[in-house]
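Trainee: coords please:
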Amino acid sequence: MNRKPSRSPGRSGGRFEPATGAPDGNAAKLFAEAVAHHGAGAFAEAERAYGRFLALVPDHAQAQSRMGAVLMAQGRIGEAIAHLERALSLNPGLFEAYGNLAQAYMIAGRMEPAVHMLARALEIQPTPQGQALFAEWVKSIQFRGEVDARIRQFVVRALVEGWAKPRELTRASVSLVKCDRAVSEWVRRAEAAWPARLAAAELFGASSSGRPFADELFCRLLECDPIMDVGLERLLTNVRFTMLARARSEDMVGGRELEFLAAVTRQCFINEYVYPVLESEAEEVHGLQSALSERISAGTTIPPLWPLVVGAYGPLFALPAAERLRERAWPQPVAAVIEQQISEPLEERRLAAAMPALTGIDDEVSRAVRRQYEENPYPRWAIPRARPRAHGSAAAPDQPGDVLIAGCGTGLSTTEFARECTQSRVLAVDLSLASLSYAKRMARSFMLRNVEFAQADITKLGSIDRTFDFIDCSGVLHHMADPWQGWRVLLSLLRPGGAMHVGLYSDLARRNVVAARDLIALRGYRPTADDIRRCRQDIIASDDPLLKSLTGSHDFYTTSECRDLLFHVQEIRITLPQIKSFLAANDLHFGGFSLEPAVLQKFVARFPGRLGDLDCWHAFETEVPNTFRGMYQFQVRKPPVPTPKPAAQ
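Mentor: From the prediction side, this is the model:
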């Protein structure tokens, strides 16, 4: 955190704290002198003054902490760490020392201890800035071995309270879940038996103590986002199998176990039933679906486990008379599943029926793309139980007035944008009514008032007679028959001086997708749920490094995202020379790529001072083809209207 010291008395202020045996008068004068230099930003002078003071009072925790801050300000991180560690050994309650030590560890590349220090700072004094920083730092960590319990608690809070998008925290959360020895052992057993399934006693062992329902982090993660890990996927596939076996006996399940099993069901809905199903399972599930439907119609007792098991293999809203399940009293975890799988889809249908249409959709490619996203809205995303409210702060001065999200899908980025830019007027359009209704429902859950949704074909948006200060078109143009024409249409709607965020598939970075498409063609897989499941299992089992690399993609772990990744009806891959040519032809200023800092640092080391040079970026990508493995994400700006020159006198 490395804040400047406060001049007022207090825990982190400049007040002198006498130490036993210290010459109080001289020491107090030295300390005050050091604090004055520190506050004025005269770090070298402050260092000398703190040094003289510590020679007199070496065990003064606050001075050790401040010396660490001064050394950090001068870039001497190793020395700073030693002083900050010494300060905390003397006084474990120094909030500023924890924050500064966390920052020093981070700069030194020691991310795990940095997060531990930040967690300790949050325990002492929770702040929104500290929470955001914790989420930012923790997302890059893969935890191993024993982990401090407070880290798990703060990751749970980060997921539930919305400190960051759940997907940003998923990999770190998965690694934390797998640090549990019991979970790790269950994953090992499930993988060793694969593709067979184990009975509960074989999977968990003879004792039921310590089963995964005891892990709150695991439960919350299952409710928030797809589990992006093959080992946990196989464990959960096996857990679902044991749920089906339990349903036969009509066992009563309650407490934390019911909560965990409901979370598994919610995970299956979120990932759109991407887990493979054995033939014997499918027969049993069909029988249970029929039995549940009969009891719904008859109004007779239904064991709470039944809707969880049926909902773990297919959406409950597909059952006849499924709405009647909402009329019954259920334990809270089951009620949450009923809400997710019946009430929310019904709301989306109502929203779709009332969705305005700004343009027609008659282009053959547009109609094909629309069909795909009506069947598989992309991406399906969830929000934590404690739904954060929209920000109420005043808008920043640079927030754009009129914004177009061209191809909003299910509204993930649209919702984020509208929550941050509360004074912007956002129009979000898409081809798919299923995607738009999902997006609108999610926006309503955040109580957003500054975004409107409508169905439209981007290629026809020139007819709506509106212009915008900012346009976002990420992951859309490359699904058009002619991406360049679609881009030109959007530019015609952008006001002079306006900016556009663009996302385009890289031809070099998608070699693994091309390899997968070759496999799909060879084996005749179709874009159906069953064939997507089979294709995924082929890829997981493959020894081909290109195919195997797909398991590292977020998009591999849900049906709709995997279809979008590997089975899309229309995809055109782009090169940087093509982008450069288009920018020049349309008089656009390139504003730079959105990339991780580590990638930018490598580029700068290779091409100093050339961040805006697309020729250098093409050379860099040729050397490191995975640089843009997601997409080329970049911003361009349209020239402003020239200022008229004053008339000659």
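
Trainee: any idea which helix or strand carries the residue nearest to residue 321 when sequence neighbours are not counted?
Mentor: Nearest residue to residue 321, sequence neighbours excluded (Cβ to Cβ, 6 or more residues apart in numbering): residue 296, at 5.2 Å. Every C-beta, even on glycine, is put in place using the N, C-alpha and C of the backbone. Per DSSP states H and E: residue 296 is located in helix 279-298.

Trainee: and that helix, which residues are buried?
Mentor: For helix 279-298, burial by neighbour count (16 or more other Cβ atoms under 10 Å) applies to 281, 284-285, 288-289, 292, 296.

Trainee: next one: stretch 86-95
Mentor: Those would be 86-88, 90-91, 94-95, for stretch 86-95 by 16+ other Cβ under 10 Å.

Trainee: what is the nearest of the residues you listed to residue 121?
Mentor: The shortest approach to residue 121 among these belongs to residue 95, at 5.9 Å (Cβ to Cβ).

Trainee: from what I can see residue 275 touches residue 233, true?
Mentor: Yes - between residue 275 and residue 233 there is a contact at 6.6 Å, judged by Cβ atoms under 8 Å.

Trainee: so for those two, which residue has more residues nearby?
Mentor: Neighbours per residue (other Cβ atoms under 10 Å) separate residue 275 from residue 233, with residue 233 holding more: 25 against 22.

Trainee: the more buried one belongs to a helix?
Mentor: Yes - if the criterion is DSSP: H, G, I helix; E, B strand; the rest coil, then residue 233 is within a helix.

Trainee: from residue 194, how far out is it?
Mentor: Residue 233 sits 10 Å away from residue 194, going by Cβ to Cβ, to the nearest Å.

Trainee: what's the answer for residue 205, then?
Mentor: From residue 205 to residue 194 the distance is 18 Å (Cβ to Cβ).

Trainee: so, low pLDDT: which residues of the stretch 301-450 of the chain?
Mentor: Residue ranges of the stretch 301-450 of the chain with pLDDT under 70: 384-397.

Trainee: tally of neighbours for residue 199?
Mentor: The burial count for residue 199: 11, using other Cβ under 10 Å.

Trainee: residue 466: what's it in contact with?
Mentor: With contacts defined as Cβ atoms under 8 Å, 6 or more residues apart in numbering, the neighbours of residue 466 are 402, 404, 427, 493.

Trainee: from those, which land in helices?
Mentor: Counting by DSSP state H, those place residue 493 in helices.

Trainee: quick check: buried residues in the next helix or strand after the helix holding residue 296?
Mentor: Next helix or strand after helix 279-298 toward the C-terminus (DSSP H and E): helix 305-313. Of all the residues in helix 305-313, those buried under the rule 16+ other Cβ under 10 Å are 305-313.

Trainee: which among those residues gets closest to residue 598?
Mentor: Using Cβ to Cβ, residue 312 is the member of the buried residues of helix 305-313 that sits closest to residue 598, with 38.9 Å.

Trainee: distance check, that closest one against residue 193.
Mentor: Taken as Cβ to Cβ, the span from residue 312 to residue 193 is 19 Å.

Trainee: now do residue 150
Mentor: For residue 150, the distance to residue 193 - Cβ to Cβ - is 35 Å.

Trainee: can you check residue 618 too?
Mentor: 48 Å.

Trainee: please apply the same query to residue 350.
Mentor: From residue 350 to residue 193 the distance is 44 Å (Cβ to Cβ).

Trainee: the residue most central in space within the chain - nearest residue in space that isn't next to it in sequence?
Mentor: Among the residues of the chain, residue 167 comes closest to the average C-alpha position under Cα atoms, centre = their mean, at 2.5 Å. Counting by Cβ to Cβ, 6+ apart, residue 167 lies nearest to residue 225, which is 5.2 Å off, once chain neighbours are set aside.

Trainee: hang on, isn't that neighbour packed against residue 170?
Mentor: Yes - Residue 225 lies in contact with residue 170 (Cβ under 8 Å); the separation is 5.0 Å.
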